[in-house]
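*Asks:* Structure for this input, please:
(chains A and B)
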Amino acid sequence: MERPIVKLRSVCLAGTVLLSLVTSIQAQNQTLAGLPDEERYINRALPDIRAHSERTPDLRLSDFWRDKPVLVTMVFARCAGICSPFLSSLKSAADSVGGLGRDYRIVVLSFDPQDTPADMTAVARHLGIQNDGWVFATSHPAEIRQVADAMGFWFRWDEDRHQFDHPAMLVGVRNGQILRLLVGGTVSPVRLREVLDEVRGGFVRAYPLPGKVMFRCFQYDPATQRYRPDWGFLLLFLPGSVALFGTFWIFRTVRR
Amino acid sequence: MANTLESQSASYRGLTLVWMLTVLALFPILLILGFFMRALQADYMTKLQPEWFYAVMTLHGLGMVGIWYVGSMAAVSYLLSRYVKPSLLISKIAFGATLLGVVLLLASTLIGRLGVGWYFLYPLPLHSKGVWPAWATGAFLGSLAVLGVGWTIWSFDVLRAIAHRYSFSTAMAWHYLRGKSEPEVPPLVLIVTVSMVSSLAGFVAAVVLLALYLLEWLGGFSNDALLMKNLTFFFGHVLVNITMYLGVAIVYELLPAYAGRPWKTNKIMALAWNTVLFLVMFAYLHHLYMDFAQPQWLQYLGQISSYMISVPAAVVSIFGALLLVYRSRMRWNLVSLLMCFGVMGWAIGGVAAVIDSTVAVNVRFHNTLWVPAHFHTYYLMGVVLMILAFAYHLGQEGSKMTERMGLTKFIVALIVLGGYGFLMMFYYGGAHSVPRRYAHYPQEVSQGVGLARAALVFISLLLVGVLLYLWETGRRCLRSFSASSASS
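*Replies:* Here you go, the predicted model:
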């Protein structure tokens, strides 16, 4: 009588593990649901909208990407959430990597229609940004919407919090074409270096899309430029191992 | 040997005949689908939507891989029953699962117009972009699941049957490696053991693959494309290799009866097939040469495994077959002719495969017509001929009808001429960088249109040869089946 109970327990345990796996995947997907899917936006053209900053009142985005690549991000000045920490981490990563202004620019656009060029300058001042490679600008709401749509960025007004709800992301652009989307609240120097390599025309063999994929075969480390095996690689040993164990089991059982 | 075979139970022979008749009924249909694809590439059906090409390609590819796998399994199960007793019930279950799988596959491709190719490379089945409905993906994955379950059980049962008589080390002929030749292990047992262990590995890969597909489909997360491609080709390549090996096992078992000489296991043969068991797990890596995210050492492993796997199994078997036939009192008939041409096709296809598995060459040949050229060679002109030989042998064994040698030679001539002519168009196209999988060739590769037109002539010859073969074999199998049913 014990054997069926043991089997039932095993089945229940396997079922629970599978259920919890699916649930955790679904939970993970819900948290990722608001983030743009990079594959949908790669190689799209970024609209060449007008941008207004205190230093350069009337320019177009193409003026920035004409001679060197740009990294574009969207924030709003009164943000009490992710914008400030995100820009801080971007500044820190840019300082660490170097070359800002000389090799590339960072364009920070406001998506809040109420923001003025002076508000954006205040944001820069608050973060202690003085490098000329940074551009803090505003634009016409309709044009901002075009840029946001082109790069998969979304924002909506939350009446309860009196804040915009939005993700944090950085877009790598060369000659007006989107090459990379870096999504997430922080930018590490390693990831920034990798994005810069790509927008400068370098070939980045592989990079992870954070939190999206389970059982990855290999993880690419841009710092060392090497691959290291991940959980998915172990799965490749499963068929051979199961077949051999299954065979030995059959021969042992039947021979008895 | 004939006497021993005749002593098999009528019911087992009956079921094998049912398997063979099913395979032989589906073969010309799938062949005509191949004709249809080349006709589309030849610009003879310009008004037809390209989606039809891909749906038919899926059905043709999976159908051919499937029917020859079950054909080879049914054949070796029957031949194996000289030594061990595979379960009749399990074979019937596998037959039921195969029929259900075929129905689901037909629905997904012909009604749903699912066009993912036989290797259903991730993430295509999940991204139809409106070309096929979601239910077609479900039916397709369901078809694979049903076929996978049925065939896994079948493989387990064949191993179980072998395990009843032989220990694992004996079945793998390890004592031959130590210089002993007792107890004697027929090559059939050795090859089938190696093949069944490998096929179990392939089916486990398919289970993992299908589970990941389902998790993505139902759970909504993304899979790692590299992992999915590795698993797909692990499963696919192993399945195709196993079919080939089972075909060769048929030759090992049947050819001696026609050559009048025994073909026994020896040390070299044991070493060769044990090596195969190890290498077959890695040879598939040559399908991923273009995936730069795959580390370089795995690419080298793919090339080395592909080279090495050809040497033991192919060279040992081909030389063995030649030595068996050389200066023997060979009884030439449709069976022996088809088996010899089958071994020849295996050799030619194997050489073409080794060429393509060379990284430096694959850079040029990848996704050109060279790829269908080599796999059609060792399939159509290799294992298919071996299984056709078995089917005729089985029918002839039960019916004892008189064979007309003139017609036999005509059939073989048509099949060989049509088959190799058709293949030459693939090889020539591949060597000239004509891509595969184009429903309609654009101006830049318009050479493909002319080659497809020439191929149609040869396919027609092949089709006539196959239909004549089917007439000759079909009536023998039917008569044999009637006799078998009456006696049971």
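
*Asks:* Tell me the first helix or strand C-terminal of the one helix or strand B:Leu15 maps to.
*Replies:* Using DSSP states H and E, B:Leu15 sits within helix B:10-41. Per DSSP H and E, helix B:10-41 leads on to helix B:50-80 as the next helix or strand towards the C-terminus.

*Asks:* ok, and for that next one, which residues are buried?
*Replies:* For helix B:50-80, burial by neighbour count (16 or more other C-beta atoms under 10 Å in any protein chain shown) applies to B:52-80. Quick note: C-beta positions are derived from backbone N, CA and C, even for glycine.

*Asks:* Pull the number of nearby residues for B:Tyr166.
*Replies:* B:Tyr166 has 21 neighbours, counted by other C-beta atoms under 10 Å in any protein chain shown.

*Asks:* swap in A:Trp157?
*Replies:* Neighbours of A:Trp157 using other C-beta under 10 Å come to 11.

*Asks:* show me what contacts it?
*Replies:* A:Phe164, A:Asp165 (C-beta atoms under 8 Å, 6 or more residues apart in numbering or on different chains).

*Asks:* Give me the three-state assignment for it.
*Replies:* strand (DSSP: H, G, I helix; E, B strand; the rest coil).

*Asks:* how close does it get to chain B?
*Replies:* 28 Å (C-beta to the nearest C-beta, to the nearest Å).

*Asks:* Leaving out chain neighbours, which residue sits closest to A:Phe86?
*Replies:* Nearest residue to A:Phe86 in three dimensions, chain neighbours excluded: A:Ala168, at 4.2 Å (C-beta to C-beta, 6 or more residues apart in numbering or on different chains).

*Asks:* follow-up on the earlier one: same for the helix holding B:Leu15, what does it pack against?
*Replies:* Judged by 3 or more C-beta pairs under 8 Å, 6 or more residues apart in numbering or on different chains; DSSP states H and E, helix B:10-41 is in contact with helix B:50-80, helix B:88-106, helix B:384-399, helix B:447-487.

*Asks:* Compare these and give me the one nearest B:Val248.
*Replies:* For these, proximity to B:Val248 was assessed by C-beta to C-beta; helix B:384-399 is nearest, at 7.1 Å.

*Asks:* The closest one packs against which elements?
*Replies:* helix B:2-6, helix B:10-41, helix B:50-80, helix B:225-259, helix B:334-356, helix B:447-487.

*Asks:* ok, now how distant is B:Ala486 from B:Leu17?
*Replies:* Going from B:Ala486 to B:Leu17 by C-beta to C-beta, to the nearest Å gives 13 Å.

*Asks:* Would you mind telling me which of the two has the busier surroundings?
*Replies:* Higher neighbour count among B:Ala486 and B:Leu17: B:Leu17, with 26 against 8, using other C-beta under 10 Å.

*Asks:* dump the residue contacts of the more buried one.
*Replies:* Contacts of B:Leu17 (C-beta under 8 Å, 6+ apart): B:Leu394, B:Gly395, B:Gly398, B:Cys477, B:Ser480, B:Phe481, B:Ser484.

*Asks:* can you give me the strands for chain A?
*Replies:* A:50-51, A:59-60, A:70-75, A:105-110, A:134-137, A:156-158, A:163-165, A:169-174, A:177-183, A:213-214, A:218-221, A:226-229 (DSSP state E).

*Asks:* For the stretch 101-250 of chain B, which residues are neighbours of chain A?
*Replies:* Applying C-beta under 8 Å from any C-beta of the partner chain, one finds that the stretch 101-250 of chain B approaches chain A through B:156, B:159-160, B:163-164, B:167-168, B:171, B:196-198, B:200-205, B:208, B:212, B:215, B:218-224, B:226-227, B:230-231, B:234-235.

*Asks:* Check those for burial and list the buried ones.
*Replies:* B:156, B:159-160, B:163, B:167-168, B:171, B:196-198, B:200-205, B:208, B:212, B:215, B:219, B:221-224, B:226-227, B:230-231, B:234-235.

*Asks:* Now, the residues you listed that are in helices?
*Replies:* B:156, B:159-160, B:163, B:168, B:171, B:196-198, B:200-205, B:208, B:212, B:226-227, B:230-231, B:234-235 (DSSP state H).
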